[in-house]
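Novice: Show me the folded form of this:
(chains A and B)
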Protein chains: 2
Amino acid sequence: MSLIVHKYGGTSMGSLERIKNVAKRVAKWYAAGHKIVVVPSAMAGETNRLLGMAKDINELADRRELDMLAATGEQVSSALLVIALQNEGIPARSYAGWQLPIRTDKSYTKARIESINGDRITKDLNKGKVVVVTGFQGVDEDGNITTLGRGGSDTSAVAIAAAIKAEECLIFTDVDGVYTTDPRIEPDARRMPFVSFEEMLEMASLGSKVLQIRAVEFAGKYHVPLRVLSSLTDPDMDLEVEKNSGTLITLEENTNMEAAVVSGIAFSRDEAKITLLGVPDNPGVAHSILDPIAQANIDVDMIIQNTSVDGTTDFSFTINRSDFARAREVIEQIVSTIGAREMIADDKIAKVSIVGIGMRSHSGVAAKMFRALSQEGINIMMISTSEIKTSVAIEDKYMELAVRALHKAFELDKEPVKL
Amino acid sequence: MSLIVHKYGGTSMGSLERIKNVAKRVAKWYAAGHKIVVVPSAMAGETNRLLGMAKDINELADRRELDMLAATGEQVSSALLVIALQNEGIPARSYAGWQLPIRTDKSYTKARIESINGDRITKDLNKGKVVVVTGFQGVDEDGNITTLGRGGSDTSAVAIAAAIKAEECLIFTDVDGVYTTDPRIEPDARRMPFVSFEEMLEMASLGSKVLQIRAVEFAGKYHVPLRVLSSLTDPDMDLEVEKNSGTLITLEENTNMEAAVVSGIAFSRDEAKITLLGVPDNPGVAHSILDPIAQANIDVDMIIQNTSVDGTTDFSFTINRSDFARAREVIEQIVSTIGAREMIADDKIAKVSIVGIGMRSHSGVAAKMFRALSQEGINIMMISTSEIKTSVAIEDKYMELAVRALHKAFELDKEPVKL
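Specialist: Here you go, the predicted structure:
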């Protein structure tokens, strides 16, 4: 008998039929003697419907009220799931975030969980009940409802699993695991039975949308084993098969861990680049360029500054494409004051990254990456590296080609050998 | 400057356009310097949509979960109203029942309010905010969400008005006041500018659907002046005109009170009658008939027992039509044990009532009622009276005719003269 948290996404909860299927799946786990806590998202489309009404009334709606509004989506799906579980003969009870409580800070629409009181959950589990807890939401110290931002239900599930010391947190979703890259781009992409927290974290922050970054961070910090698996299979499928399906995101030390040098290819098309040419190479020039960008609340990703020639240098940085127009405006205003010759702005940029914990102990990985790209005639504009990833900025029209070339170069379509 | 509670029903909150109109109306009152608390219902149809989903999954859904589900309707409309108010430049904030809290007992789906903490409301009002509080819901002592049953938002509004000592509670609805009878049956029905709590209570319990009985009881108990008025007028209508529109439900002692002998005609078609013929007239016979009915949780309304002839009597009672089949079954089983000759069951019964506090001090009112009905050839089956009302049971096909005859006989189409 294990204590397990199940999380079901919006697609998995997308209709009454699907909610009944979720209930059947949970009932199967319950019947096998497990203690189950379920964290459902709102029914697919519901959060957009609610926020759309608010936007129709007032484009700049108060964020406290947006949270009051949006939090109802998970309350509805949680109550419906309990009703469906009871229909399966399973005793169950739902709790909204504030009822436990799940305490957060006061950052409406993107709050962070500070603590969770698991007492009511534990009490109900010990009475033989399945406990359903609304994802995505909490309550601040003054009793205001907060939400965790899009995808926040993953974080709720992991945080609850940590609070009640669950043995595993299962993220049921509409894909059947974490792949070496997106199978829509590389049909030979391979599902990974295991991936480390660190790799998953890099892949999430580099554009993989399977799991929310904060959920992975939380799982790593509190050592909650996390499994991504499909909710679209037959709910009556064999439990032992289901237990080992999907992808287990686990601690690096795990002895079952595969040890590929490169585990996956991540990518993002939401990039843009701004370059200043002929910038006088004085001390503090980087600060004088990037400070106004930071003041405008724009996050900078990659930065390069060329070697100085004749006392001037070229300075480039990338940003999220949604910040492109604002960033260009900010930099236009400082071109002359810093004495730069010219600004070049380009929003047709993509970022492609290789990720793998094996990169730590293996040299030549980056060189292999650059060679694979050069063989396809893809020009690398910028490079950034960390311990377990190497990212390049390229023209966005080459993105898919680059992903496929790298997937092949690192033989990700083949099972890795154990080191 | 006054402290006023506004309540808006589901129709008044039925679309984003209507919610914007509610915001405009509230903004007008706010601009005139009033402190305003608004209690909205869920958007029209929303509660049915939510409960319909539950029913589709499980006909006998858990009532705690139904409350968890249904309470979201008012949370959505409250948040949207705040967003609309802010769009009008009015500072505003919404609270769910549990956030104040509005404490209720544990009777899910039909909970009763036990106490309301008005501190957060008062604090926000003093900061110049409009406060929006979800109607229809509260929280029990263990932190479970409860709802007050259909129409419960009226009760929420009155209870909040009592808790914060508001000067008036305005019930904005889709009719423009309380009428002497339903204008769909009697086109000459007249809107009453004033009606007493006692009369309103009788009219509500006798079938008038303008206000929930519990709301009227609450208003009477805590001396909250209650006004029923239209939300479908132009929100920019003159405030002084609006203040005196609709119907004020007020304490009898009010010096402005009109003093008609009969104020209104109430009616209900949801009646049924059961008669036992030839019942041996022993002591305790009424008990032996009505006790099994009470055991079956069926409420009896009117009761008559004829004078005994030859040691036997006839015994009749009326019940709600929805209980007819069950009541007949119960009585069928005891016909022989109590030695009655025969049972007659009739579900084509209506009840028509005249209501007026003037009846206390005026004799001959009932006689005038019976004469008016007899002149139309309407046979009276049963009669029941209280201090301020007289009800008769009649064949239901005569109901509309009886209402019109009584409305005319008591000259309710004319302004009453002051006594």
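
Novice: Pull out the buried positions in the helix or strand encompassing A:Glu240.
Specialist: Assigned by DSSP states H and E, A:Glu240 belongs to helix A:239-243. With burial defined by 16 or more other C-beta atoms under 10 Å in any protein chain shown, the residues of helix A:239-243 counted as buried are A:Glu242, A:Lys243. For every residue, glycine as well, the C-beta is placed using N, CA and C.

Novice: cool, and stretch A:272-281?
Specialist: Neighbour counts over stretch A:272-281 (16+ other C-beta under 10 Å) mark A:Ala272, A:Lys273, A:Ile274, A:Thr275, A:Leu276, A:Leu277, A:Gly278, A:Val279, A:Asp281 as buried.

Novice: Confirm the first one sits in a strand?
Specialist: Yes. Note on A:Ala272: a strand contains this position according to DSSP: H, G, I helix; E, B strand; the rest coil.

Novice: Give me the neighbour count for the residue nearest to A:Ala162 when sequence neighbours are not counted.
Specialist: What sits nearest to A:Ala162 in space, not counting adjacent residues and going by C-beta to C-beta, 6 or more residues apart in numbering or on different chains, is A:Tyr222, at 3.7 Å. Number of residues near A:Tyr222 (other C-beta atoms under 10 Å in any protein chain shown) recorded here: 14.

Novice: show me where pLDDT drops low in the stretch 1-150 of chain A?
Specialist: Residues of the stretch 1-150 of chain A meeting the criterion pLDDT under 70: none.

Novice: that older thread, wait, what's in contact with the residue nearest to A:Ala162?
Specialist: A:Val158, A:Ala161, A:Ala162 (C-beta atoms under 8 Å, 6 or more residues apart in numbering or on different chains).

Novice: cool, A:Ser94 as well?
Specialist: Here A:Ser94 is in contact with A:Gln75, A:Ser78, A:Ala79, A:Leu81, A:Val82, A:Val131, A:Val132, A:Val133, A:Thr134, B:Glu65, B:Met68 (criterion: C-beta under 8 Å, 6+ apart).

Novice: Can you name the two of these that sit furthest apart?
Specialist: A:Gln75 and A:Val131 (14.7 Å; C-beta to C-beta).

Novice: where along chain A do the helices fall?
Specialist: Remark: helices assigned in chain A by DSSP state H are A:16-31, A:46-57, A:63-70, A:72-87, A:119-126, A:152-163, A:197-205, A:213-221, A:239-243, A:285-295, A:324-332, A:365-375, A:399-409.

Novice: So which other helices or strands are in contact with the third one?
Specialist: Using 3 or more C-beta pairs under 8 Å, 6 or more residues apart in numbering or on different chains; DSSP states H and E as the contact criterion, the neighbours of helix A:63-70 among helices and strands are helix A:46-57, strand A:145-147, helix B:72-87, strand B:92-95.

Novice: tell me how far the second one is from the chain's mean position?
Specialist: I take that to be strand A:145-147. Distance, stretch centre to chain centre, for strand A:145-147: 20 Å (C-alpha atoms, centre = their mean, to the nearest Å).

Novice: tell me the contacts of whatever residue of the stretch 101-250 of chain A ends up closest to chain B?
Specialist: Residue of the stretch 101-250 of chain A nearest chain B, by C-beta to the nearest C-beta: A:Gly143 (5.4 Å). Residues in contact with A:Gly143 (C-beta under 8 Å, 6+ apart) are A:Trp98, B:Gln99.

Novice: one more time with 7 Å
Specialist: B:Gln99 (C-beta atoms under 7 Å, 6 or more residues apart in numbering or on different chains).

Novice: quick one on the thing from earlier: quick one: closest of the helices of chain A to B:Leu226.
Specialist: B:Leu226 lies closest to helix A:63-70 among the helices of chain A, at 27.9 Å (C-beta to C-beta).

Novice: buried residues in the closest one?
Specialist: By 16+ other C-beta under 10 Å, the buried positions in helix A:63-70 come out as A:Arg64, A:Glu65, A:Leu66, A:Asp67, A:Met68, A:Leu69, A:Ala70.

Novice: Equivalent analysis for stretch A:16-27, please.
Specialist: Buried residues in stretch A:16-27, counted by 16+ other C-beta under 10 Å: A:Leu16, A:Arg18, A:Ile19, A:Lys20, A:Asn21, A:Val22, A:Ala23, A:Lys24, A:Arg25, A:Val26, A:Ala27.

Novice: quick one: the fifth one from A:Ala42, how far?
Specialist: In this case it means A:Asn21. Distance of A:Asn21 to A:Ala42, computed by C-beta to C-beta, to the nearest Å: 17 Å.

Novice: Please apply the same query to the fourth one.
Specialist: Distance of A:Lys20 to A:Ala42, given as C-beta to C-beta: 17 Å.

Novice: The last one too?
Specialist: Taking C-beta to C-beta as the criterion, A:Ala27 is separated from A:Ala42 by 22 Å.

Novice: near chain B, which residues of chain A show up?
Specialist: Within chain A, the positions adjacent to chain B are A:16, A:19-20, A:50, A:53-54, A:56-58, A:61-62, A:65, A:68-69, A:72, A:75-76, A:79-80, A:82-84, A:86-87, A:94, A:99, A:143 by C-beta under 7 Å from any C-beta of the partner chain.

Novice: wait, A:Glu46 sits on A:Glu74?
Specialist: No. A:Glu46 lies out of contact with A:Glu74 (C-beta atoms under 7 Å); the separation is 8.8 Å.

Novice: still on that earlier bit, show me which of the buried residues of stretch A:16-27 is closest to B:Asp174.
Specialist: A:Leu16 (31.2 Å).

Novice: Tell me which residues touch the closest one, please.
Specialist: B:Met53, B:Asp56, B:Ile57.

Novice: among the residues you listed, which are within reach of chain A?
Specialist: By C-beta under 7 Å from any C-beta, the members of the contacts of A:Leu16 lying near chain A are B:Met53, B:Asp56, B:Ile57.

Novice: quick one on the thing from earlier: higher neighbour count, A:Glu46 and A:Glu74?
Specialist: Higher neighbour count among A:Glu46 and A:Glu74: A:Glu74, with 32 against 19, using other C-beta under 10 Å.

Novice: Let me see the backbone angles for A:Trp45.
Specialist: You called it Trp, but residue A:45 is Gly. phi 90, psi -20 (degrees, to the nearest 10).

Novice: Please report how far it lies from chain B.
Specialist: 14 Å (C-beta to the nearest C-beta, to the nearest Å).

Novice: same question, A:Ala327
Specialist: 30 Å.

Novice: Double-check that residue against A:Arg321; I have them as touching.
Specialist: No. When contacts are counted by C-beta under 7 Å, A:Ala327 is not listed as touching A:Arg321 (10.0 Å).

Novice: quick one: which of the two has more around it?
Specialist: The neighbour count for A:Ala327 versus A:Arg321, taken as other C-beta under 10 Å, is higher for A:Ala327 (24 against 19).

Novice: residues touching the more buried one, list them.
Specialist: For A:Ala327, the contact set (C-beta under 7 Å, 6+ apart) comprises A:Ile274, A:Ile293, A:Ile298, A:Ile319.

Novice: For stretch A:119-132, list every residue counted as buried.
Specialist: Residues of stretch A:119-132 classed as buried by neighbour count (16+ other C-beta under 10 Å): A:Arg120, A:Ile121, A:Thr122, A:Asp124, A:Leu125, A:Lys129, A:Val130, A:Val131, A:Val132.

Novice: Return the helix holding A:Glu240 as PDB; C-alpha atoms alone will do.
Specialist: Listed next in PDB are the C-alpha coordinates belonging to helix A:239-243 (Å, rounded to 0.1, in the frame of the first residue of the first chain):
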ATOM      1  CA  LEU A 239      -2.200  -1.500 -12.900                       C
ATOM      2  CA  GLU A 240       1.300  -3.000 -12.900                       C
ATOM      3  CA  VAL A 241       1.800  -2.000 -16.500                       C
ATOM      4  CA  GLU A 242       0.500   1.500 -15.800                       C
ATOM      5  CA  LYS A 243       2.800   1.900 -12.700                       C
END
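
Novice: Many thanks, we can stop here.
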